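Engineer: Just need the structure, nothing else, for what follows:
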Amino acid sequence: MSEDARYRTKDWLDTYLSNAALTADDDSTEVKFLVSYANPEYSTVRVFIDKFADLVFSLGKPESKPLSENQGVPYAYVENVPIIIECIDKSGITATKLLWKAETELRRIAEEYPEGSKRTIDFMKDDTKRTEGFTVYSSTYMLRYRRPATVSGTPTITWGHGFLDDFILSDPESHGWSEHLLNMTDAQCSMVGQFNDVYKITGKADSVDDEYVYYEKDMTGMSPSTYNSFLIRFKTSVSSLGLGARVELTFADSQTEFILGATAPEFSTTWKIVTGNIIKTDSQISKIRLYADDYPNGAESYGTKYVYYDFVLLHKGTFTFPYVSKPLELDIVNREAVLKPLKRVGNITQYLGMDSPLIVLSGDIDDNSDWGSPLGQKMYELMFERFKDPWQWFTSNLTSCKVELVSFNIKESSEDDAKRQWVLTLRKHDEYCGSNDWVWEYFSP
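Structural biologist: I've put the predicted structure just below:
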């Protein structure tokens, strides 16, 4: 229902029309007004008599025009909604004066509360008709705005880091991690960093008993009610029958909670993202543990296996972009110097490396919510948090990766377009050199 143009316009009028501006001839007594749909089954006069209304804003049948590029799938619609303002003369109320006040109020809210997509209001006609012994005065206006179409694969981005370990150091112990074993020996286990981006946990399961190794890090004082969301990226060397991944939190009251592998270790030979919310919120988090745990128990030997952790992030939440109206763009550009030697036929190209890919999102700000909240506000927060958050995790149907916010722009288009448009530019976050051929984050989950 919220996608119906008349419903959206009625909600907008009900919210922002001020009765203080709609008064009788004395400019102080507030009139009774209604917002309704046009062409009811009964006479408009009955509204003024039976419902004691002094002023009516009626919404006519809207018209929608799809917008598309190269005659493709529409990315937005221009919608035109007729608004008919009607009133009659009453004691202390001159209809023509009240119509003028209603028009002024309508233009005021269009300017002060555009609700994202810029609204334009054009006068169409005045009309007067006799009905049931009363003269009904009316003015018709056309409200015009633009709303985006729904695009599949709506992008998301994390925000508000509380804890992040991106595993960029080759020696985990120097990064605060300590080793803990069950039925394994220190010689069988290790945790090392690879390519400045991944921790690799090695373990050897060679007993029928339960066996695991976990690496623990202190994070005293972390509030799970504030940083309630988690996001973990991992993979394992086997799809089953071996060492699987588990992540556990310990709390100040000595209780624990597995946020990955709650009932059993998880396996995936390709990179897998696991997201969710921390259940326990009544005690602060004290430690985090990364496991390489054998499963199922009882086999005599699984041999040496590996669990890889790309990152573990505890954060405030994940923001879904609500108004992406055009396809995403991904730009990957090599840095090359084209030399032009004297007297040589042809150029010499000197390869100087590659820039981190840029991701560009754009869209029209929907008329059903304020651009400042959540879209503009959230982007401002993310830009501001760059001083402490090295990256955010971005997902879309085109690519998913760590990103840095480069720029966010909102502009008001021409009056004819009746819209506001935003553009967000992201840069892929690279901890490692791409020449390592360790490029799993470009088009993976």
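Engineer: Tell me, how many residues neighbour Lys61?
Structural biologist: Residues lying near Lys61 (other Cβ atoms under 10 Å) number 12. In short, each C-beta sits where N, CA and C put it, glycine included.
Engineer: Is it correct that Glu257 is in contact with Ile279?
Structural biologist: Yes - using Cβ atoms under 8 Å, Glu257 is in contact with Ile279, at 6.1 Å.
Engineer: And these two? Which one has more around it.
Structural biologist: Using other Cβ under 10 Å as the criterion, Glu257 and Ile279 rank with Glu257 on top: 15 against 12.
Engineer: Just the pLDDT for the closest residue to Gln350 other than its chain neighbours.
Structural biologist: Distances taken as Cβ to Cβ, 6 or more residues apart in numbering place Ala337 nearest to Gln350, at 4.3 Å, with adjacent residues excluded. On pLDDT, Ala337 comes in at 89.
Engineer: which residue is nearest the centroid of this protein?
Structural biologist: With distances taken as Cα atoms, centre = their mean, the chain has Thr320 as the residue nearest its mean C-alpha position (1.9 Å).
Engineer: Okay, and the beta partners of that residue?
Structural biologist: With DSSP bridges as the criterion, Thr320 is bridged to Thr156.
Engineer: Check Leu313 too.
Structural biologist: Leu164, Leu231.
Engineer: neighbours of it, just the number please.
Structural biologist: Using other Cβ under 10 Å, Leu313 has 23 other residues around it.
Engineer: Give me the pLDDT value at it.
Structural biologist: The model reports Leu313 with a pLDDT of 94.
Engineer: how near is it to Gly303?
Structural biologist: With the distance defined as Cβ to Cβ, to the nearest Å, Leu313 ends up 31 Å from Gly303.
Engineer: Kindly report the same for Asn409.
Structural biologist: Asn409 sits 55 Å away from Gly303, taking Cβ to Cβ as the criterion.
Engineer: cool, and Asp197?
Structural biologist: Applying Cβ to Cβ to Asp197 and Gly303 gives a distance of 26 Å.
Engineer: Next: Asp430.
Structural biologist: 34 Å.
Engineer: Look at these two and report which has more neighbours.
Structural biologist: Neighbour count, other Cβ under 10 Å: between Asp430 and Gly303, Asp430 has more, with 19 against 11.
Engineer: Does the more buried one touch Asp355 like I think?
Structural biologist: No - look at Asp430 against Asp355 with Cβ under 8 Å: they stay out of range, at 9.7 Å.
Engineer: in what helix or strand does the residue nearest to Gln350 lie?
Structural biologist: In this assignment (DSSP states H and E), Ala337 forms part of strand 334-339.
Engineer: Helices of this protein, residue ranges please.
Structural biologist: Counting by DSSP state H, the chain has helices at residues 5-16, 44-50, 95-112, 377-384.
Engineer: And the second one, what's buried?
Structural biologist: It stands for helix 44-50. By 16 or more other Cβ atoms under 10 Å, the buried positions in helix 44-50 come out as Thr44, Val45, Val47, Phe48.
Engineer: Noted, bye for now.
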